[in-house]
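S.K.: Structural data only, the sequence is not supplied:
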């Protein structure tokens, strides 16, 4: 992509408005999905520049019971003004109150009757890593707490808290209360925000192409021009039908994060956050739980997830960053025999068990005799070929298996992008499952190794029935190379 010319004043204003319309459309999607999924305390109305809520009026998600959500949306044309103490506490150009002082005033107004409120500062500006308080922001929640509350009055954090409190016109105790509900939703570039909203549109059962997103944001702009400051469920649903955006049913969202925080977690119907409970310094090195936790604990939490979703849920989308063994477990937790349609985000595509295919794909099959027992080892070699590593592990660990069966895409070559879409993944999952039923008929225990797209692991787990007890292994890259993660009855 070639560089664009520097934006003029009109371009800056227009992009700022568009950024706000995206945030409003985001709230409309939340309204649609929560009401369709019969969520507890769903959004009942989306407000745009509402009266009576102070400076947090750009986007408001009103609920029957507190807390409602109040957002201030700030767009910047470049990265010259990160979010830090100076940005938050500096008076406006005309000498008016600072951003933080306006937020504090609105917070006092919204909570004066004792009700709670959820506040968000939404911006494409990045957090300043050199700022004492902003640097300790929790990436999972967007909150500065709990770390911002640490340290005594004489510490760097303590002195920063005192400055913020003075600038906001609050006591330090009041500042702590404000920071407990003020989320900093930062570094949300327009391109990334659009991609996030397209995924959310898919989960809401809407068309999710680029043009569909522009149509949704354009409808918001039209409502604002017409002076409509409250968007009701009836108005949003009518717009979806009139604009031809409806594509299917809305889905409940299950967020599971083990590698890095999931941006969808805050809007999910249920979220499992194991980022800090996995061993490693980055999402590339996190491959197994830290010693103080266990695979069995993660299995218990995932298998309990159905009970945390809205009653009657039959369509579920899984979001977040997980490795292959947990992805497979999610599939088996919501097996097709339970009547659940399951979908997973696969590199921007939504791979769903409900996607049609013409016929099952016959996988490539290779067998390696081992003669170590009467159990069966199976490797799914779709993204890469793990045969040598798995054979080495099976021999070193003396697992009681008679042979290793390798399944590849048709044609026998494992490689990236060997499955172009959800239909192909479903067809291959069925083909593998069908062949395994014949091979595993006399077997009482199976050992499963996965080297495939995350979406295929979910789809395969969803169809894992009429087989046998299965031990699922995770590739940990160190020590023995693999580690038994979960035991699943099938």
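M.R.: Done, it's in. In this text, all values refer to a predicted model and were calculated from it rather than measured experimentally.
S.K.: check which helix or strand covers residue 405.
M.R.: In the assignment (DSSP states H and E), residue 405 maps to strand 401-408.
S.K.: For residue 448, which residues are in contact?
M.R.: Neighbour list for residue 448: 328, 378, 379, 380, 470, 471, 472, 473 [criterion: Cβ atoms under 8 Å, 6 or more residues apart in numbering]. Using the backbone N, CA and C atoms, a C-beta is placed for each residue, glycine as well.
S.K.: How about residue 372?
M.R.: Per Cβ under 8 Å, 6+ apart, neighbours of residue 372: 394, 395, 398, 399, 400, 401, 402.
S.K.: how about the helices in the stretch 151-300 of the chain?
M.R.: Along the stretch 151-300 of the chain, the segments classed as helices by DSSP state H, counting those that start in this stretch run 156-168, 172-179, 190-203, 210-225, 233-242, 295-303.
S.K.: Where among the ones you listed is average confidence lowest?
M.R.: Lowest mean pLDDT within those: helix 190-203, a mean of 93.
S.K.: which helices and strands sit right next to that one?
M.R.: The contact analysis (3 or more Cβ pairs under 8 Å, 6 or more residues apart in numbering; DSSP states H and E) places helix 190-203 against helix 9-36, helix 210-225, strand 315-319, strand 349-352.
S.K.: Comparing the ones you listed, which comes out most buried?
M.R.: Across the helices and strands packed on helix 190-203, averaging neighbours per residue (mean count of other Cβ atoms under 10 Å) puts strand 315-319 on top, at a mean of 25.
S.K.: Contacts made by that one with the rest, please.
M.R.: Residues from elsewhere that reach strand 315-319, judged by Cβ under 8 Å, 6+ apart: 199, 202-203, 249-256, 262, 264-265, 268, 309, 327, 330, 334, 340-345, 350, 354, 458.
S.K.: Adjacent strands (with direction) for it?
M.R.: The pairing partners recorded for strand 315-319 under DSSP bridges are strand 252-257 (parallel), strand 341-346 (parallel).
S.K.: quick one: strands adjacent to the host helix or strand of residue 448?
M.R.: Assigned by DSSP H and E, residue 448 belongs to strand 445-451. Its sheet considered, strand 445-451 pairs with strand 375-381 (parallel), strand 469-475 (parallel) by DSSP bridges.
S.K.: so how far is the first one from its chain's centroid?
M.R.: Centroid displacement of strand 375-381 relative to its chain, using Cα atoms, centre = their mean, to the nearest Å, is 30 Å.
S.K.: cool, stretch 317-332 as well?
M.R.: Distance, centroid of stretch 317-332 to centroid of chain: 12 Å (Cα atoms, centre = their mean).
S.K.: Ends of that stretch, what's the gap?
M.R.: End-to-end distance for stretch 317-332: 14 Å, by Cα to Cα, to the nearest Å.
S.K.: Serialize the strands paired with strand 315-319 to TSV and add fields for mean pLDDT.
M.R.: Output for the strands paired with strand 315-319, formatted as TSV (pLDDT from 0 to 100):
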stretch	mean pLDDT
strand 252-257	94
strand 341-346	92
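S.K.: Redo these as CSV? Include mean neighbour count and distance to residue 53.
M.R.: Below are these laid out as CSV (neighbours: other Cβ atoms under 10 Å; distance: least, Cβ to Cβ, whole Å):
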stretch, mean neighbour count, distance to residue 53
strand 252-257, 25, 27
strand 341-346, 23, 34
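S.K.: and residue 142, which of those is closest to it?
M.R.: Counting by Cβ to Cβ, residue 142 lies closest to strand 252-257 out of the strands paired with strand 315-319; the figure is 14.4 Å.
S.K.: got the angle for that closest one vs helix 9-36?
M.R.: If you take axes from the mean of the first three to the mean of the last three Cα atoms, to 10 degrees, strand 252-257 sits at 110 degrees to helix 9-36.
S.K.: now the angle from strand 252-257 to helix 190-203?
M.R.: Using the same axes, to 10 degrees: strand 252-257 against helix 190-203 is 130 degrees.
S.K.: Which stretch among the strands paired with strand 445-451 is buried most, on average?
M.R.: Across the strands paired with strand 445-451, averaging neighbours per residue (mean count of other Cβ under 10 Å) puts strand 375-381 on top, at a mean of 24.
S.K.: Go ahead and name everything in contact with that strand.
M.R.: With Cβ under 8 Å, 6+ apart as the test, strand 375-381 has contacts from 370, 386-387, 390, 394, 399-408, 414, 432, 436, 439-440, 443-452, 456-457, 460.
S.K.: what does stretch 154-165 give?
M.R.: 85, 88-89, 100, 131-133, 136, 147-153, 171-172, 174-176.
S.K.: cool, and stretch 384-396?
M.R.: So stretch 384-396 is contacted by 366, 368, 370, 372, 377, 379, 381, 399, 401, 404, 406, 408, 414-416, 447, 449, 451, 475, 480-482 (Cβ under 8 Å, 6+ apart).
S.K.: just the buried members of those residues?
M.R.: By neighbour count, with 16 or more other Cβ atoms under 10 Å, these hold 370, 372, 377, 379, 381, 399, 401, 404, 406, 408, 414, 447, 449, 451, 475, 481-482 as buried.
S.K.: that older thread, between the helices of the stretch 151-300 of the chain, which one is closest to residue 68.
M.R.: With Cβ to Cβ as the measure, helix 233-242 is the member of the helices of the stretch 151-300 of the chain nearest residue 68 (15.2 Å).
S.K.: In that closest one, which residues are buried?
M.R.: Neighbour counts using 16+ other Cβ under 10 Å place 233, 235, 236, 237, 239, 240 of helix 233-242 among the buried residues.
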